[in-house]
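In: can't give you the sequence, but here's the structure:
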DNA sequence: TGATTATATTTAAATATATTCATATGTCAA
DNA sequence: TTGACATATGAATATATTTAAATATAATCA
């Protein structure tokens, strides 16, 4: 079976497509970071965070390095952040369209 | 439960994260298109393609319009294509890193 | 060495997703 | 109005993902 680029793209997108993993990457935007800082940031259980880090690692989105007792993670390719910015833009456009639709319909009951 | 942007982002990414849906969007990059053209392009079964179109529709990534007997689809927000370009870039960077690693290790057995 | 800390892995249950098949809906043309 | 075509929907099944709990590993410290 000949591989196609869409499969690779889908693999990257799948690895990104989870709220906790997005939150982890948001934390890593500021630079490399130790798991012990990531856990409280994403407010997740240790084993769950570790599992999600593994998913990001397997997709080559992040890499890890042992520093003494700690493990530090960093994003491999900063293009990931540009990608996430585009996703955010899509979400904002979407919500903006909904909002405009609502005002166009002249519905006044918004809180 | 207070919603957070990551959930919305994850929803968009999830909707994109499938080879067939990426292929559909690639077809729609050229402009609005009828389902009857999409099906042969992605080489999928009619009902399966229809299901995937539904997923893209529900995520507000595409919208459909009936034209007589046909249904035409188009991408709602062109930012989606910029997003997909970033994903492609990630994949290419990834493969390039692998390739460079291989040559750095001076492994000659590549076909 | 033994205890402690940081992190990863394994497992099982719950949930979500993809695919297929059968059928339904709507439109056009004879 | 019947039949053919284009597309959507629903149910059933197979498969993958998420989560939490338990356990394992590895580094550090007393």
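Out: Great, that's in hand. For clarity, every value in this text was computed on a predicted model and none was experimentally measured.
In: is chain B within reach of stretch A:74-91?
Out: Yes. Judged by Cβ under 8 Å from any Cβ of the partner chain, stretch A:74-91 comes into contact with chain B at A:76-77, A:79-80, A:82-84, A:86-91. In short, each C-beta sits where N, CA and C put it, glycine included.
In: dump the residues you listed to a markdown table, plus secondary structure.
Out: Output for the residues of stretch A:74-91 next to chain B, formatted as a markdown table (DSSP: H, G, I helix; E, B strand; the rest coil):
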| residue | secondary structure |
| --- | --- |
| A:76 | coil |
| A:77 | coil |
| A:79 | helix |
| A:80 | helix |
| A:82 | helix |
| A:83 | helix |
| A:84 | helix |
| A:86 | helix |
| A:87 | helix |
| A:88 | helix |
| A:89 | helix |
| A:90 | helix |
| A:91 | helix |
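In: pick out whichever of those sits closest to DNA strand C.
Out: residue A:76 (14.9 Å; Cβ to the nearest atom of the strand).
In: any residues of chain A in contact with chain B? List them.
Out: A:4-10, A:12-14, A:16-20, A:22-23, A:26, A:60-61, A:76-77, A:79-80, A:82-84, A:86-91, A:93-95, A:97.
In: circling back: pull out the buried members of the residues of stretch A:74-91 next to chain B.
Out: A:76, A:77, A:79, A:80, A:83, A:84, A:86, A:87, A:88, A:90, A:91 (16 or more other Cβ atoms under 10 Å in any protein chain shown).
In: quick revisit: can I get the residues of stretch A:74-91 next to chain B in CSV with pLDDT and distance to residue A:51?
Out: Conversion of the residues of stretch A:74-91 next to chain B to CSV gives the following (pLDDT from 0 to 100; distance: Cβ to Cβ, whole Å):
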residue, pLDDT, distance to residue A:51
A:76, 98, 19
A:77, 98, 22
A:79, 98, 25
A:80, 98, 19
A:82, 98, 26
A:83, 98, 22
A:84, 98, 21
A:86, 98, 26
A:87, 98, 22
A:88, 98, 25
A:89, 98, 29
A:90, 97, 27
A:91, 98, 25
